[in-house]
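Visitor: sharing a sequence plus its predicted fold:
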Amino acid sequence: MEDMGDKDKKKQKGEKGTWLTYRPEIKVLDCTIRDGGLMNDHKFSDEVVRAVYDTCLAAGIDYMELGYKNSKKQFPKEQFGPWKHCDEEDMRRVVGDNPTELKLCAMADAEKSDYKEDIIPADESVLDLIRVATYIHQVPVAVDMINHAHENGYEVNVNVMAISTVHESDLDEGLEILAKTPVSTIYLVDSFGAFYSEEIQALTKKYLKVCEDAGKQVGIHAHNNQQLAYANTIEAIVLGANRLDATLAGLGRGAGNCAMELLIGFLKNPSYRLRPILECLENHIEPLRESMHWGFDLPYLITGLLNQHPRSAMGLLDKPKQDRESIVEFYDTLLEQV
């Protein structure tokens, strides 16, 4: 049995499992505008985007994701807000040249991005990081996207989506391929909010093994269908994930994400400050609930339990209340599809 002296020595060495331990290698990425944009076709006002930017600066957040670098052919500009495409003039209109330590990024979806045209050299862009999002069957495309962004001077991360639906052997092969690319981080993504702590633990260990051998970091991006986004993020942190996604008030697709205010409160890092986040929540994010519906709700719970994409739940909640089927009917319909 170890005595208190042994425990104190472990804490001083930076034991990953001690929740009060300060881990300077941890970096936090705010994806409020990017993930939240999936709930309003990326039509955030410049005022809201600037407020989130200012909040990230004041709170000491490491990265802010402004939106997507996705195809104007597939997603016409007249149908979507500017944060679906993150053109330089739109970004600079809000953040200028970003003469700060905050790093800016955008996400490019495999097979939904004209990346060779739209991802310009980094020295001509306000962006620092490109995040490639890919399903496992798109990994060959993702590898080309990663190489293109890296060759153009960007830091590059990759988010492997919907892994709760992937055979383990396919995931293992995909991770091995991605680990050989110039990405700095590979993100474990709970796209459907379907994972429990045991699965997050096993997957984090899998990702860590691949990434540590290749000199990469592991990230975590969680969804809140079962109200586990924050808890699952903590599970990954304790095991050694050092790149953490969160959004203000959990604003994100469907049930939303790990809430930034919870994460910053947990990390106990004096470099991060909670008060600016609370101010932004009060003045800018919570008022959005009048026109946007996100966060835990029964339809999202059902899709999470059944390991399904939340699009059906989003469709149900988009209907006027008088036109919605009952939650029991919704549940029975989805069960028939399993």
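Guide: Good, I have the coordinates. Numbering: from 1, shown residues only.
Visitor: next secondary structure element downstream of the helix or strand containing Leu104?
Guide: Leu104 belongs to strand 103-109 when assigned by DSSP states H and E. Using DSSP H and E, the helix or strand that directly follows strand 103-109 along the chain is helix 115-118.
Visitor: neighbouring contacts of that next one?
Guide: Residues outside helix 115-118 that contact it (C-beta atoms under 8 Å, 6 or more residues apart in numbering) are Lys69, Ser71, Lys72, His85, Ala108, Met145, His148, Ala149. C-beta: built from backbone N, CA, C; applies to glycine.
Visitor: as JSON lines, those residues with secondary structure and distance to Phe330 would be great.
Guide: Shown next, in JSON lines, are the contacts of helix 115-118 (DSSP: H, G, I helix; E, B strand; the rest coil; distance: C-beta to C-beta, whole Å):
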{"residue": "Lys69", "secondary structure": "coil", "distance to Phe330": "34"}
{"residue": "Ser71", "secondary structure": "coil", "distance to Phe330": "32"}
{"residue": "Lys72", "secondary structure": "coil", "distance to Phe330": "35"}
{"residue": "His85", "secondary structure": "coil", "distance to Phe330": "33"}
{"residue": "Ala108", "secondary structure": "strand", "distance to Phe330": "33"}
{"residue": "Met145", "secondary structure": "helix", "distance to Phe330": "36"}
{"residue": "His148", "secondary structure": "helix", "distance to Phe330": "42"}
{"residue": "Ala149", "secondary structure": "helix", "distance to Phe330": "40"}
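Visitor: in ChimeraX, select just the buried ones from those.
Guide: To isolate the buried ones among the contacts of helix 115-118 in ChimeraX, judged by 16 or more other C-beta atoms under 10 Å, type:
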select :69,71,85,108,145,148,149
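Visitor: closest to Cys56 out of the contacts of helix 115-118?
Guide: Taking C-beta to C-beta as the measure, Lys69 is the one of those closest to Cys56, at 19.2 Å.
Visitor: quick one, what contacts the closest one?
Guide: Contacts of Lys69 by C-beta under 8 Å, 6+ apart are His85, Cys86, Ala106, Met107, Ala108, Ser113, Tyr115, Asp118, Ile119, Ile130.
Visitor: what do you get if the cut-off is 10 Å, keeping everything else the same?
Guide: By C-beta atoms under 10 Å, 6 or more residues apart in numbering, the contact list for Lys69 reads 84-87, 105-109, 112-115, 118-120, 125, 127, 130-132, 145, 149.
Visitor: just the buried ones from these?
Guide: The buried subset of those (16+ other C-beta under 10 Å) comprises 84-87, 105-109, 112-113, 115, 118-119, 125, 127, 130-132, 145, 149.
Visitor: mind checking how far the strand holding Leu104 is from the chain centre?
Guide: 11 Å (C-alpha atoms, centre = their mean, to the nearest Å).
Visitor: okay if I get the contacts of helix 115-118 as JSON lines plus pLDDT and distance to Val95?
Guide: JSON lines is the format used below for the contacts of helix 115-118 (pLDDT from 0 to 100; distance: C-beta to C-beta, whole Å):
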{"residue": "Lys69", "pLDDT": "98", "distance to Val95": "16"}
{"residue": "Ser71", "pLDDT": "98", "distance to Val95": "23"}
{"residue": "Lys72", "pLDDT": "98", "distance to Val95": "21"}
{"residue": "His85", "pLDDT": "98", "distance to Val95": "16"}
{"residue": "Ala108", "pLDDT": "98", "distance to Val95": "19"}
{"residue": "Met145", "pLDDT": "98", "distance to Val95": "24"}
{"residue": "His148", "pLDDT": "98", "distance to Val95": "24"}
{"residue": "Ala149", "pLDDT": "98", "distance to Val95": "20"}
